[in-house]
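Enquirer: only geometry, no sequence info:
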């Protein structure tokens, strides 16, 4: 049996004191399925909160054009990185 694999990660996006919009191309079903993690210059990592730290815009048809974009509430600061992933559990039957 062949098992297909789909990457459900985008980034890391490197801070440049300008960027606020981060695109992604993995399929999700709702905005809450997107997981946004920031790593600071000191190596500490935190999970950002939707509606507080960022908003998500999903492409209309996730079957034909999966993904969308995350818009950060503040610019991505130099010395930090952000990685996008999914909060959907990877399950195999």
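Expert: On my side now, so go ahead. Keep in mind that this is a model prediction, so the values were computed, not measured.
Enquirer: and the residue nearest the centre of the chain, which of the three is it?
Expert: Taking CA atoms, centre = their mean, the centroid of the chain lies closest to residue 84, which sits 2.2 Å from it. For residue 84, the assignment made with DSSP: H, G, I helix; E, B strand; the rest coil gives strand.
Enquirer: didn't it look like it was pressed against residue 9?
Expert: Yes. Residue 84 is within contact range of residue 9, at 6.8 Å (criterion: CB atoms under 8 Å). (Glycine included, C-beta is placed from N, CA and C.)
Enquirer: picking that back up, who's the residue nearest to the centre of the chain bridged to?
Expert: residue 10, residue 36 (DSSP bridges).
Enquirer: From residue 75, how far off is it?
Expert: From residue 84 across to residue 75, the span is 16 Å (CB to CB, to the nearest Å).
Enquirer: For residue 55, which non-adjacent residue is spatially closest?
Expert: Excluding its sequence neighbours, the residue lying closest to residue 55 (CB to CB, 6 or more residues apart in numbering) is residue 71, at 5.1 Å.
Enquirer: That neighbour: neighbouring residues, count only.
Expert: Using other CB atoms under 10 Å, the number of residues around residue 71 comes to 12.
Enquirer: ok, it - contacts?
Expert: 20-22, 54-57 (CB atoms under 8 Å, 6 or more residues apart in numbering).
Enquirer: So it, which state does it fall into?
Expert: Classified using three-state DSSP, residue 71 is strand.
Enquirer: Check what pLDDT it gets.
Expert: The confidence metric pLDDT takes the value 98 at residue 71.
Enquirer: Contact partners for the nearest residue to residue 14 once chain neighbours are set aside?
Expert: Among residues not flanking residue 14 along the chain, residue 81 sits closest, at 5.5 Å (CB to CB, 6+ apart). If you count contacts by CB under 8 Å, 6+ apart, residue 81 has them with 11-15, 38-39.
Enquirer: Kindly recompute the last result at 10 Å.
Expert: Going by CB atoms under 10 Å, 6 or more residues apart in numbering, residue 81 touches 11-15, 37-41, 45.
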